[in-house]
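Asks: my questions are about this predicted structure, shown below with the sequence.
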Amino acid sequence: MTEQAPTSSRKTSTVSIPRTVGRIALGLALAFAGTTHLTVAREAFQAQVPAWVPLDSDLVVVLSGAVEITLGVALLAVSKHRVLVGLVVAGFFIAIFPGNISQYVTRTDAFGLDTDRDRFIRLLFQPLLVVWALWSTGAWAAIRRTWRRRARG
């Protein structure tokens, strides 16, 4: 019984005002970005689709926009499963990272990123988005708890 008390108090500490604000902000940002995939920034997003992707770049942009909107709404609405949503959002950010790398390597101008320096700096933000998704949903803490339990045997 004494082991469960610290676990449950740690679990509750994954829900806080800063994390909730961070989750909501990330959800709104994803929903907004997804909407721009389908509307005003569609062409700019097409420029990021690597040439080696075997699908039509517009289809990739439309599908990724729909996924971003879905993930954004999930971050806003699915608080009961926020850890799972956080893991999926982090995975999405990792999955789209090759597009950012491609933009840097191919020196493709899009979103006002018209220098190698600007495109490189953008690459540094992708890991921050992964951390943001994991932290704001409590997924980071859940992963650490799992590792601790496994380490104890």
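Replies: That came through, no problem. Numbering: from 1, shown residues only.
Asks: surely D118 meets G112?
Replies: Yes: at 7.5 Å, D118 counts as touching G112 under the criterion of Cβ atoms under 8 Å. No exception for glycine: its C-beta is placed from N, CA and C like everyone else's.
Asks: hmm, who's touching stretch 60-79?
Replies: Identification of contacts with stretch 60-79 by Cβ atoms under 8 Å, 6 or more residues apart in numbering yields 23-24, 26-38, 42, 45-46, 49, 53, 82, 85-86, 88-89, 92, 96, 136-137.
Asks: from those residues, which would you call buried?
Replies: Neighbour counting by 16 or more other Cβ atoms under 10 Å classes 23, 26-27, 30-31, 33-34, 36-38, 45-46, 49, 82, 85-86, 88-89, 92, 96, 136-137 among these as buried.
Asks: wait, a helix at G65?
Replies: Yes: according to DSSP: H, G, I helix; E, B strand; the rest coil, G65 belongs to a helix.
Asks: ok, it - how many residues close by?
Replies: Other residues lying near G65 total 20 when counted by other Cβ atoms under 10 Å.
Asks: higher neighbour count, D118 and G112?
Replies: Using other Cβ under 10 Å as the criterion, D118 and G112 rank with D118 on top: 13 against 8.
Asks: for that one, what are its contacts?
Replies: Going by Cβ under 8 Å, 6+ apart, the list of residues near D118 reads G112.
Asks: name the element it belongs to?
Replies: According to DSSP states H and E, D118 maps onto helix 116-137.
Asks: ranges for the helices of the protein?
Replies: Taking DSSP state H, the helices of the chain run over residues 4-13, 17-38, 42-46, 57-77, 82-105, 116-137, 139-152.
Asks: residue ranges in this structure under the pLDDT threshold?
Replies: 1-14 (pLDDT under 70).
Asks: pull the residues that contact stretch 37-56.
Replies: With Cβ under 8 Å, 6+ apart, stretch 37-56 has contacts from 36, 57-58, 60-62, 64-66, 68, 98-100, 102-103, 106, 108-111.
Asks: show the buried residues in the residues you listed.
Replies: Buried among those by 16+ other Cβ under 10 Å: 36, 57, 60-62, 64-65, 68, 99-100, 102-103, 108.
Asks: make TSV out of the residues you listed and add distance to A77.
Replies: Output for the buried ones among the contacts of stretch 37-56, formatted as TSV (distance: Cβ to Cβ, whole Å):
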residue	distance to A77
T36	21
S57	30
V60	26
V61	24
V62	22
S64	20
G65	18
E68	15
G99	27
N100	28
S102	32
Q103	31
T108	35
